[in-house]
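Enquirer: Structure for this input, please:
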Amino acid sequence: MVLGKGLHCARRIRRLTRQFISDRKVLPINPFGDWNESMLVYEDLCNDINLYLQEIGKEISAKKLIDFFACEDIRSKHGIEKQISERYCWSSPKKGQYADGHERDDVVYYREQVFLPQWR
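Expert: Okay, the predicted model is just below:
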């Protein structure tokens, strides 16, 4: 394994190394593809997003940003081929998980007066 990345990564790096040895061409900077690079590294796109967010003011939502990227002129200007998925969701904590209850009065009392003294 290479750097703890798994067998697939090791095979890919081995193949790229053999390719470089055979033809001495410069290898790609990111051997894993460009699928994991953020589009936000492009300054023009960031500027367009910032201007749009300033235009809509406090009414910012994920849906509005998706609609912004759905505009054909924006997509063609920045070379965006695929639409952003609307599969986003907000969910409440699942049952059995604690959500900000660790500072309730009864929890603090139990921790300070019962649990920690027993632990010590």
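
Enquirer: per the record, what domains does the protein have?
Expert: Per automatic domain parsing, the structural domains of the chain span 1-36, 38-85.

Enquirer: Out of the ones you listed, the one nearest residue 109 is which?
Expert: domain 38-85 (40.1 Å; CB to CB). Backbone N, C-alpha and C define where each C-beta goes, glycine included.

Enquirer: what about the closest one, average pLDDT?
Expert: Averaging pLDDT along domain 38-85 yields 85.

Enquirer: how far out from the middle of the chain is that domain?
Expert: Chain-centre distance of domain 38-85: 16 Å, with CA atoms, centre = their mean, to the nearest Å.

Enquirer: Quickly note the distance from the residue most central in space within the chain to residue 46.
Expert: With distances taken as CA atoms, centre = their mean, residue 38 lies nearest the centre of the chain, 8.6 Å away. To residue 46, residue 38 is 10 Å away according to CB to CB, to the nearest Å.

Enquirer: contact partners of the helix or strand harbouring residue 74?
Expert: Assigned by DSSP states H and E, residue 74 belongs to helix 72-78. The contact list for helix 72-78, computed with CB atoms under 8 Å, 6 or more residues apart in numbering, reads 39, 42, 44, 45, 48, 68, 69, 80, 81, 83.

Enquirer: buried stuff in the longest helix along the chain?
Expert: Secondary structure assigned by DSSP state H gives helix 7-23 as the longest helix of the chain. Within helix 7-23, the residues scored as buried using 16 or more other CB atoms under 10 Å are 12, 13.

Enquirer: Specify the next element, helix or strand, located C-terminal of that helix.
Expert: helix 43-56.

Enquirer: phi, psi of residue 79?
Expert: When quoted as degrees, to the nearest 10, the phi and psi of residue 79 stand at phi 70, psi 30.

Enquirer: Could you measure from it over to residue 118?
Expert: Distance from residue 79 to residue 118, by CB to CB: 62 Å.

Enquirer: Kindly report the same for residue 72.
Expert: Distance, residue 72 to residue 118, using CB to CB: 66 Å.

Enquirer: How about residue 69, nearest residue that isn't a chain neighbour?
Expert: residue 84 (5.0 Å; CB to CB, 6 or more residues apart in numbering).
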